[in-house]
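Colleague: following is a predicted model, sequence given first.
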Amino acid sequence: MSFVTAYLSLIVLLPLAALVWKSADAGRTGFWDAVTDPQAVAALKLTLVVSVAVSLINAVFGTIVAWILVRDRFWGQGVVNAIIDLPFALPTIVAGLTLLALYGPNGPVGIDVAFSRAAVLVALLFVTLPFVIRTVQPVLLELDREMEEASASLGAGPLRTFRYIVFPNLFPAILSGVALAFARAVGEFGSIVLISGNLPFKTEVASVFIFGRIESGDPAGAAAVSVVILAISFAALLGIGALRRWRTRHDRV
Amino acid sequence: MSRWLLRVLGLSYLAVLLAAPVGLVFWRTFEHGFGPAWDAVTTPAAKHALYLTLLIAAIAVPANTIFGIVCALAIVRYRFRGKGIVNALVDLPLALSPVVVGLAYFLLYSRNGWFGGWLTDHGIQVVFALPAMVLVTIFVSLPFVVREVVPVLHEIGTEQEQAASTLGASPWQTFRKVTLPAIRWAVAYGVVLTTARALGEFGAVSVVSGHVVGKTETMTLHVEESYQAFDYTGAYAASFVLALIAISTLVLMSLFKPKEETR
Amino acid sequence: MAIVARSLTKHFGSFTALDDVSIEVPAGSLTALLGPSGSGKSTLLRVIAGLERPESGTVELDGVDVTKRPPQKRGVGFVFQHYAAFKHMTVRDNVAFGLKVRRRPRAEVRKRVDELLELVQIAGWADNYPAQLSGGQRQRMGLARALAVEPAVLLLDEPFGALDARVRKDLRAWLRRLHDEMHVTTIFVTHDQEEAMEIADQIVLMNRGRIEQVGGPRDLYEEPANEFVMSFVGPVNRFGESFVRPHDLELRIEPNGETTAGTIERVVHLGFEVRVELVLEDGRDLWAQVTRDEAEELELAPGGKVFVRPRRARVFQTT
């Protein structure tokens, strides 16, 4: 037990404490200045907007992919199921490189999104791909098919059944996946760093901005902005968690 | 009709985002032939990068495996205050940006950091050297073994262990002969995830490593370095090696995946 | 609504669930589909409901061929063994679901739901979620939900199978009373012969995808068509070539020319009934069922000698 606390303190707790401490290093004004720096604000805005967009896109497409993996049968299904995890297994920098190769200059399909905001979107879509799929799949597998049969016997067509019966039961799982995807997207670094070009005020995300601050010898500023994205992630996680609990209140007897 | 629509939507989404990019890495690596690719991947810098990557993983993975098993046991089998905090801390690495992680460690161990001063005075270099890189890798790959073992421990319950002790087994014997075999597939799956994460870490290592070519570069940093230096073949070749490792990871994941998640 | 099924056949992989099955269900009746697991009774019910498609054969509701129609368009109410409650909706919303699908006005829906909740006696739970109800209450909700849309046919798939014995008995009697009030053509599936015998007007006994016999409870008991029916519907002893019910075995202290000799092995007192386990001279085992008074009168005890005569026996042609 003490091993656990020692390990956790050394590896997780202490570094975090140092981070929060440093962000307060320059005092309240220093923190505020660092955080309201126009470049920082631009980076935070971009990060937030793209992360939200990515989360929503994942909610829709992730559910679709989970659906065809669970409810459909087609040739190669097992392989498709396995490669969903590729973004987990592939180093982010390699992901960035491959996306750049495909959708950048000299790309075979003629699409060039390098150094644009679309690049950030594509990179984040890649790394957050598995989250919603993997949270929805088990719920879909477990879903009581008889509820759908009951719905049919009561006169509801497939779309109505999906809307009133299936979707409400999937929604909590979708929310969980969205929470994970959002947290990941907000902090993502490696896959963005090559394809976005990191142009300040245009394609610079929060993590790249923080990196820049560290390299410029301003760790306090970096720490301040870090604390802001930490706070955003936590707020999002708490909010989504609360929404989830509210939607599953029927399960608690 | 709608079934085909869903299939087309889902599969094209995956093809655009997943299959095409990875296929391209393979192609680009060998675009100029096998020779140049091989050369690129056997330069001293590349070799050192591979060595460093494997070394870091060889330290981080066993550490997190042991911690993971012990922590899972503590969480499931013991009552103690602050369990919520332990759970939150274990899950934290999943929600944290790698750059922020690197920064936190930098603040602790750099020359002006909390511990850095003392350590440098005693001749121990942490940041811009191996120790910091190992530590951040441990941080980012911390949760996986714990999270895989906890549900399994919950599910198997304590009955078998109780039976063992009534039959005279000591706690260590019980652990070795009853508990460990029961959780071994969960541990295996967790180890695969941990290793994949450790090998693929980029952002945190980038912050604390100092990017000294041939000395403090891992494979992932080497990829970036090569690319920035316009050595595209080098970058793709190193990526190819990492992609191969990733695909083996996927295969292992499919093999060890907990049964509830597969059909 | 009368139901006619003709020559239904259905396979699941290599397993034959229905093998050329035909039945007729009179309008307003309460019919039981009875049989062991794998007999095809649930499949038959689901084919009638439209939840499964047969490979061949037809289903007619009141003379109209509905074989190709989906369940939405058949006007059947279906009650599931494990309730299939919409767990994310309140009890009230569950029951109202079919009416809302049909876009009925709010006031009408409210009124009808309240009536039904009263009828099935769960009015106090209207705003709770199914997870908060007991099994029996959930099943009554399932019934209310199915009845809400005034189906022409009510189909129940082992409706009480997931409930305790006591609750099962109460609910089965309650279902019969409900049927007597509402006169909706009802078919229910069960593997419990006691349940079928107790409440059904007509029993369809199935085995391995085929129908063994159709008839009222008395018909199946008194005039079984074959050995399977006889032994499924009640206890049976084999007596040479014939089959005898334990309560049709007469026990005497003295032989009378028609009897066979036997020794008593065990006497088990089950309240009013007494079960007497015997071994005949030729080594065969039997058991007889007598009343407590008879057992006292004959002074039956283990080891005692007794003479056995079947009062009624049935012989089946082996074709």
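Modeller: Structure's in. What do you need?
Colleague: ok, and the closest non-adjacent residue to residue 38?
Modeller: Just going to use chain A. The spatial neighbour of A:Pro38 that comes closest, neighbours along the chain excluded (Cβ to Cβ, 6 or more residues apart in numbering or on different chains), is A:Phe201 at 7.6 Å. Where C-beta positions appear, they are placed from N, C-alpha and C, glycine not excepted.
Colleague: please refer instead to chain B.
Modeller: B:Ala237 (7.8 Å).
Colleague: which positions in the stretch 151-263 of chain B make contact with chain A?
Modeller: Within the stretch 151-263 of chain B, the positions adjacent to chain A are B:193, B:196, B:199-203, B:206-207, B:219-221, B:223-224, B:227, B:235-236, B:239, B:242-243, B:246-247, B:249-251, B:253-254, B:260-263 by Cβ under 8 Å from any Cβ of the partner chain.
Colleague: and the closest residue to chain B within the stretch 1-150 of chain C, what does it touch?
Modeller: Using Cβ to the nearest Cβ, C:Pro70 is the residue of the stretch 1-150 of chain C that sits closest to chain B, at 14.6 Å. By Cβ atoms under 8 Å, 6 or more residues apart in numbering or on different chains, the contact set of C:Pro70 is A:Ala152, C:Gly50.
Colleague: report the buried residues of stretch C:140-160.
Modeller: Judged by neighbour count using 16 or more other Cβ atoms under 10 Å in any protein chain shown, the buried positions of stretch C:140-160 are C:140-149, C:151-160.
Colleague: where does the closest residue to chain C within the stretch 1-150 of chain B land on pLDDT?
Modeller: Distances between the stretch 1-150 of chain B and chain C by Cβ to the nearest Cβ are smallest at B:Ser2, namely 14.6 Å. If you check B:Ser2, the pLDDT there is 75.
Colleague: neighbours of it, how many?
Modeller: 9 (other Cβ atoms under 10 Å in any protein chain shown).
Colleague: cool, and C:Asp293?
Modeller: Neighbours around C:Asp293, by other Cβ under 10 Å: 10.
Colleague: contact partners of the helix or strand hosting it?
Modeller: Using DSSP states H and E, C:Asp293 sits within helix C:292-298. Helix C:292-298 is contacted by residues C:Leu251, C:Arg252, C:Ile253, C:Val267, C:His269, C:Gly271, C:Phe272, C:Glu273, C:Val274, C:Val276, C:Val290, C:Val306 when judged by Cβ under 8 Å, 6+ apart.
Colleague: where's the third one relative to chain A, distance?
Modeller: Shown here: C:Ile253 relative to chain A, a distance of 58 Å by Cβ to the nearest Cβ, to the nearest Å.
Colleague: gap between the residue nearest to that residue when sequence neighbours are not counted and C:Thr260?
Modeller: Using Cβ to Cβ, 6+ apart and skipping the chain neighbours, the partner closest in space to C:Ile253 is C:Leu298 (6.1 Å). Distance from C:Leu298 to C:Thr260, counting by Cβ to Cβ, to the nearest Å: 16 Å.
Colleague: equivalent analysis for B:Arg197, please.
Modeller: Counting by Cβ to Cβ, the gap from B:Arg197 to C:Thr260 is 81 Å.
Colleague: who's more crowded, the two?
Modeller: Neighbours were counted for B:Arg197 and for C:Thr260 using other Cβ under 10 Å; B:Arg197 has more, 25 against 18.
Colleague: list the contacts of the more buried one.
Modeller: Shown in contact with B:Arg197 (Cβ under 8 Å, 6+ apart): B:Val140, B:Ser141, B:Phe144.
Colleague: OK, contacts around the one residue in the stretch 1-150 of chain A that gets nearest to chain C?
Modeller: Chain C sits closest to A:Glu146 of the stretch 1-150 of chain A, with a gap of 3.7 Å, by Cβ to the nearest Cβ. Neighbouring residues of A:Glu146 by Cβ under 8 Å, 6+ apart: C:Phe80, C:His82, C:Ala84.
Colleague: assign a three-state SS to the second one, would you?
Modeller: Following DSSP: H, G, I helix; E, B strand; the rest coil, we place C:His82 in the coil state.
Colleague: which ones are touching it?
Modeller: A:Asp144, A:Glu146, C:Ala162.
Colleague: neighbours around the residue lying closest to B:Gly200 once chain neighbours are set aside, how many?
Modeller: Distances taken as Cβ to Cβ, 6+ apart put A:Pro91 closest to B:Gly200, at 3.2 Å, once the chain neighbours are dropped. As a burial measure, A:Pro91 scores 27 neighbours (other Cβ under 10 Å).
Colleague: ok, now the one 3 residues further on?
Modeller: Each residue near A:Val94 was counted by other Cβ under 10 Å, and the total is 31.
Colleague: is it true that it touches B:Glu224?
Modeller: No - counting by Cβ atoms under 8 Å, A:Val94 sits too far from B:Glu224 to count as a contact (10.0 Å).
Colleague: what residues does the stretch 51-200 of chain A have near chain C?
Modeller: Going by Cβ under 8 Å from any Cβ, the residues of the stretch 51-200 of chain A near chain C are A:144, A:146-147, A:149-157, A:160, A:164-165, A:168-169.
Colleague: drop anything exposed from the residues you listed.
Modeller: A:144, A:146-147, A:149-156, A:160, A:164-165, A:168-169.
Colleague: let me know the helix or strand that whichever residue of the stretch 101-250 of chain B sits closest to chain C is in.
Modeller: Of all residues in the stretch 101-250 of chain B, B:His154 sits closest to chain C, at 21.3 Å by Cβ to the nearest Cβ. If you go by DSSP H and E, B:His154 is part of helix B:143-156.
Colleague: I'd like the mean pLDDT over that helix, please.
Modeller: On average, helix B:143-156 scores 88.
Colleague: what's the closest non-adjacent residue to C:Arg168?
Modeller: C:Phe160 (4.3 Å).
Colleague: residue contacts, the spatially closest residue to A:Thr98 that is not a sequence neighbour?
Modeller: By the measure of Cβ to Cβ, 6+ apart, the closest residue to A:Thr98 outside its immediate chain neighbours is B:Pro21, 3.7 Å from it. Applying Cβ under 8 Å, 6+ apart to B:Pro21 gives the contacts A:Ala95, A:Thr98, A:Leu99, A:Ala101, A:Leu102, A:Phe126.
Colleague: and the two most separated of the residues you listed?
Modeller: A:Ala101 and A:Phe126 (12.7 Å; Cβ to Cβ).
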